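1. okay, here's the prediction I keep looking at, along with the sequence it came from:
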Amino acid sequence: MDSSQTSLNKKSHQKQSFHTCPSREFPSMYPGTYKNYHEKMNSRGLVANPYFDDALRLQYRRRILQERYQYGYSMNPSRYGQRSFTPKSNWVQNRGSTKHVDKQSIREDFDTIMSQIETENGRQNLTFPSKILLLIGPPGSGKTMLAECFKEKLEYNMVLSLREMCQQVMKENKGGKFDITPVTKMMLDKIFTCPKNETTRLIIDDFSSISIARMIPIMVEYAEGLRKEFPNKDMPRMNLKICALTCNKNICVDRKMKNGSSSTTYKSCTTLYKKFYKRSVQVSNFLAKYFQFADIIANENIENVQIRTVLEIEKETNGKPILN
């Protein structure tokens, strides 16, 4: 008898505790059951996690700093309300977009480089390939293998690697500050001093420099001006082709690990992917403003990627300028 009474008392106590103790997920279902309920919940979180209070403080501080940053206020609380700096532009926060650069300065840089090439070779002796293919994509997406495939199937007889040219300039600087101008001059020199032949086709591998990509529309315009200036030389029209590859990070890293040396590590491949993925996105986004092309997904095996790439490059609309 006593045991049954104790069991009933336990059940009633459980029911009573269920009704008096509100649920943590639905505190509004039982209003008035706990006085200062949220304060008790905060104290529970503080007991369970010693850094609970610090986490809340960081959240509020982050929100305040975002508001100050949005309106351009100073970070010094004593000078709050005074504009001590101009907010950074959106391109710093979103690396996918490209930084706004004055078009006139880009054209001036291109003209200075081309004037040097003209004085060295002569303007009337300049030539250029009939087709130029730009290979854009993160490391491990299969750009180099596609370049070898295009040399055989699409009869591209010249290959330039932008990465090798950058490495050559870095060796000449001997650890000094890297400058993209010598690389740009080297590339333009090889383009406009190529053999005079209508079958000359050029592949630019590892095209991941936004500074050089900004000069591509000016380069196409300059080649068209040369063709009209010297009609007796029968210069071919420069046809630009763009191959923009997109690939998953894990697949690219796995490919680099398989094809890399024994000293290649997962961390180094991941860092390399993140670095050049941002650059390739910048280049493709910029070129999409001036030329027509579609991104190619390179997550599958290399044979399927080759078929998709050939079909995309052989389109008539690929590389055609966008008429504004």
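-> That came through, no problem.

2. only C-alpha atoms for contact and neighbour calcs from this point on.
-> Fine.

3. list the contacts of residue 255.
-> residue 140 (Cα atoms under 8 Å, 6 or more residues apart in numbering).

4. give me the buried positions along the helix or strand hosting residue 170.
-> Assessed by DSSP states H and E, residue 170 sits inside helix 162-173. Burial within helix 162-173, assessed by neighbour count using 16 or more other Cα atoms under 10 Å, is assigned to 162, 165-166, 169-170.

5. pipe the residues you listed into a markdown table and attach pLDDT and distance to residue 252 per row.
-> Converted to a markdown table, these look like this (pLDDT from 0 to 100; distance: Cα to Cα, whole Å):
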| residue | pLDDT | distance to residue 252 |
| --- | --- | --- |
| 162 | 90 | 19 |
| 165 | 90 | 23 |
| 166 | 88 | 22 |
| 169 | 87 | 27 |
| 170 | 85 | 26 |
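
6. next structured bit after the helix holding residue 170?
-> Immediately after helix 162-173, counting by DSSP H and E, sits helix 181-192.

7. helices or strands up against that next one?
-> Packing partners of helix 181-192 (3 or more Cα pairs under 8 Å, 6 or more residues apart in numbering; DSSP states H and E): helix 103-121, helix 162-173.

8. would you reformat those helices as CSV and include distance to residue 135?
-> Shown next, in CSV, are those (distance: least, Cα to Cα, whole Å):
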stretch, distance to residue 135
helix 103-121, 22
helix 162-173, 10
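
9. top helix in the protein by residue count?
-> Secondary structure of the chain read by DSSP state H shows that its longest helix is helix 266-287.

10. got the CA coordinates for it in CSV?
-> Extracted C-alpha coordinates of helix 266-287, given in CSV (Å, rounded to 0.1, in the frame of the first residue of the first chain):
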residue,chain,number,x,y,z
TYR,A,266,46.3,18.6,-49.2
LYS,A,267,46.8,21.9,-47.5
SER,A,268,49.0,23.4,-50.2
CYS,A,269,46.5,22.2,-52.9
THR,A,270,43.6,23.7,-51.1
THR,A,271,45.3,27.0,-50.6
LEU,A,272,46.3,27.0,-54.3
TYR,A,273,42.7,26.3,-55.3
LYS,A,274,41.2,29.1,-53.2
LYS,A,275,43.7,31.6,-54.4
PHE,A,276,43.3,30.9,-58.2
TYR,A,277,39.6,30.2,-58.0
LYS,A,278,39.0,33.8,-56.9
ARG,A,279,41.2,35.0,-59.7
SER,A,280,39.5,32.9,-62.4
VAL,A,281,36.1,34.1,-61.2
GLN,A,282,37.2,37.7,-61.5
VAL,A,283,38.6,37.1,-65.0
SER,A,284,35.5,35.3,-66.2
ASN,A,285,33.1,37.9,-64.7
PHE,A,286,35.0,40.7,-66.4
LEU,A,287,35.2,39.0,-69.8
